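Trainee: got a predicted structure here, sequence first:
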Amino acid sequence: MTVTPHRLDPTGGCPHADNARLLARGAVTPVLLPGDVEGVAVLGHDALKDFLGSADVAKGPQHFAALAEGRIPVGWPLTTFATVPGLTTADGADHRRLRSLVGKVFTPRRVEELRPRVEELTAGLLDDLAAAAEAGDGVADLRRHFALPLPLGVICELLGVPADLQDRMHDCSRLIVATDTGPEETLAAHRGLMALLAAVTADKTEDPGDDLLGALIAVREEDGDRLSEQELIGTAMQLVIAGHGTTLNLVTNAVRALCAHRDQLAHVREGRADWADVVEETLRWDGPISFFPFRYPVRDLTVDGTVIPRGTAVLAGYAAAGRDPQAYGPDAARFDVTRGTAGRHLSLGHGAHFCVGAPLARLEATIALEALFTRFPDLGLAAPEEELPRLASFVSNSVDSLPVRLDGPGPA
């Protein structure tokens, strides 16, 4: 029987109801991407884990059949994910080379050394959040004033991006991750972020700093074969986008989950769980990424009984896998910080392309949530969950704003 492809909604929306319906019919499903480009999503936990770890799956754009055949239009909203050279589109030796360079900054030891700086930034942003609430009749947008500037500030400091460019970096990143943009807007965002990073790179070539971008430039200067200019700028772009977007959504979603499940917040306060448990359960239950593009089978590949043809664009259905009853039981759709999901979920990837910044994302989110609910123990949403505007993306999974009251939830 032919399965009707699931048309991914470019305007986003909450993915969980659709995911549950799709999972009920199988772990792998055909999908239609913007422009009616055919693809496949792997949704089931076990199937996705096997797929991500397969040696017969590649990330390089040369493996994308529709792209190679000229069927991807200029300005396609997912072009950046597919084509920018760098860490997330490299395979084999190239990927290992790039990852070894970037990964030195994100080891657990190096990340732990960032703790005092993350705590300092967090404390300052809580002051800003309080000031915003005071100016807004008791209501402030937690996403804008807290969840965004923390990871954006940290990743830009690590890379050496000047503070006055950070807002522009985020604006371009937001449009790149959006899936409802038109060709002109998509191209402008892509070119804008590339131009910003090229300018920063040029400045640092003249005056290298003690940061990741400076270190990558030094490697290129010492041995031009190790890191091309395209790889340098492309990897910087990927680190800017993923390095703050993932944690932004993670913190936003965790706050939403705790405000809606006060009993789970009580578990933390009473010592039955800790803040790391909140982070891991949020990653599983309402992870920051819904469908992540792309991987391509290098030969016809059977996944959970479904043949995925060579060169097909495949999306990793992280949000669906996190609520897969086959992996987490009949209560998989329940938020439970005592579940013990650390090390089991796939929301930060699996295999060779496991998120290089995972230790930093976990550190930032844990510090942010503990500090937030310690300072504002009665914090609550200022609008019903169903009225919160969703991100216009089937890649990112979160809301576009998060109005809160620091002294308690608004009227039901």
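Mentor: Structure's in. What do you need? These figures come from a predicted structure and were not determined experimentally.
Trainee: give me the next element, helix or strand, following the least confident helix or strand in the chain by mean pLDDT.
Mentor: The least trusted helix or strand in the chain, going by mean pLDDT, DSSP states H and E, turns out to be helix 212-222, with a mean of 77. The helix or strand immediately downstream of helix 212-222 is helix 229-260, counting by DSSP states H and E.
Trainee: show me what the least confident helix or strand of the chain is packed up against.
Mentor: Judged by 3 or more C-beta pairs under 8 Å, 6 or more residues apart in numbering; DSSP states H and E, helix 212-222 is in contact with helix 92-103, helix 149-159, helix 183-206, helix 229-260. Backbone N, C-alpha and C define where each C-beta goes, glycine included.
Trainee: could those helices go into TSV alongside distance to residue 311, mean neighbour count and mean pLDDT?
Mentor: Listed next are the helices and strands packed on helix 212-222 as TSV, based on distance: least, C-beta to C-beta, whole Å; neighbours: other C-beta atoms under 10 Å; pLDDT from 0 to 100:
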stretch	distance to residue 311	mean neighbour count	mean pLDDT
helix 92-103	17	16	90
helix 149-159	33	22	95
helix 183-206	23	16	92
helix 229-260	22	24	94
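Trainee: grab the nearest non-local neighbour of residue 260.
Mentor: Once flanking residues are discounted, residue 260 sits nearest to residue 385: 6.1 Å by C-beta to C-beta, 6 or more residues apart in numbering.
Trainee: ditto for residue 392
Mentor: Nearest to residue 392 is residue 180, by C-beta to C-beta, 6+ apart, at 4.5 Å.
Trainee: next, count neighbours for the one you found.
Mentor: Applying other C-beta atoms under 10 Å, we find 16 residues neighbouring residue 180.
Trainee: so who does it touch?
Mentor: Residues in contact with residue 180 (C-beta atoms under 8 Å, 6 or more residues apart in numbering) are 10, 11, 12, 77, 392, 393.
Trainee: which SS class is it?
Mentor: Under DSSP: H, G, I helix; E, B strand; the rest coil, residue 180 falls in the coil class.
Trainee: by neighbour count, which of the contacts of residue 180 wins?
Mentor: In those, the most neighbours by other C-beta under 10 Å go to residue 393, 27 neighbours.
Trainee: what sits against that one?
Mentor: 12, 177, 178, 179, 180, 290.
Trainee: those residues: which two are farthest apart?
Mentor: Using C-beta to C-beta, the contacts of residue 393 reach their maximum pairwise distance at 180 and 290, which is 13.8 Å.
Trainee: the chain: strands as residue ranges?
Mentor: 6-7, 28-33, 37-42, 57-58, 139-141, 291-297, 301-303, 306-308, 313-317, 380-381, 403-405 (DSSP state E).
Trainee: the first one: partners in the sheet, and parallel or antiparallel?
Mentor: By that I understand strand 6-7. Its sheet considered, strand 6-7 pairs with strand 28-33 (parallel) by DSSP bridges.
Trainee: in the partner strand, which residues are buried?
Mentor: 28, 29, 30, 31, 33 (16 or more other C-beta atoms under 10 Å).
Trainee: which residues does the spatially closest residue to the first one that is not a sequence neighbour form beta bridges with?
Mentor: Translated: residue 28. Spatial nearest neighbour of residue 28, excluding adjacent residues (C-beta to C-beta, 6+ apart): residue 306 at 4.1 Å. In this entry, residue 306 is beta-bridged to residue 303, by DSSP bridges.
Trainee: pretty sure residue 306 is touching residue 43, no?
Mentor: No: look at residue 306 against residue 43 with C-beta atoms under 8 Å: they stay out of range, at 10.9 Å.
Trainee: between these two, which one's more packed in?
Mentor: With neighbours defined as other C-beta under 10 Å, residue 306 and residue 43 compare such that residue 43 has more, 29 against 16.
Trainee: return the backbone torsion pair for that one.
Mentor: phi -110, psi -30 (degrees, to the nearest 10).
Trainee: if we can go back for a sec, if we take the buried residues of strand 28-33, which one ends up nearest to residue 89?
Mentor: residue 33 (17.0 Å).
Trainee: what about residue 350, neighbour count?
Mentor: Around residue 350 there are 19 other residues, counting by other C-beta under 10 Å.
Trainee: start the count at 37 instead of 1 going forward.
Mentor: Okay, residue one is now 37; in that scheme the one you just asked about reads as residue 386.
Trainee: contact partners for it?
Mentor: 84, 85, 88, 89.
Trainee: top of those residues by number of neighbours, please.
Mentor: Counting by other C-beta under 10 Å, top hit in these: residue 84 with 28 neighbours.
Trainee: residue contacts, the closest residue to residue 316 other than its chain neighbours?
Mentor: With sequence-adjacent residues excluded and distances taken as C-beta to C-beta, 6+ apart, residue 316 is closest to residue 378, at 4.4 Å. Contacts for residue 378 (C-beta under 8 Å, 6+ apart) come out as 312, 313, 316.
Trainee: residue 235 versus residue 378, what's the distance?
Mentor: According to C-beta to C-beta, to the nearest Å, residue 378 and residue 235 sit 40 Å apart.
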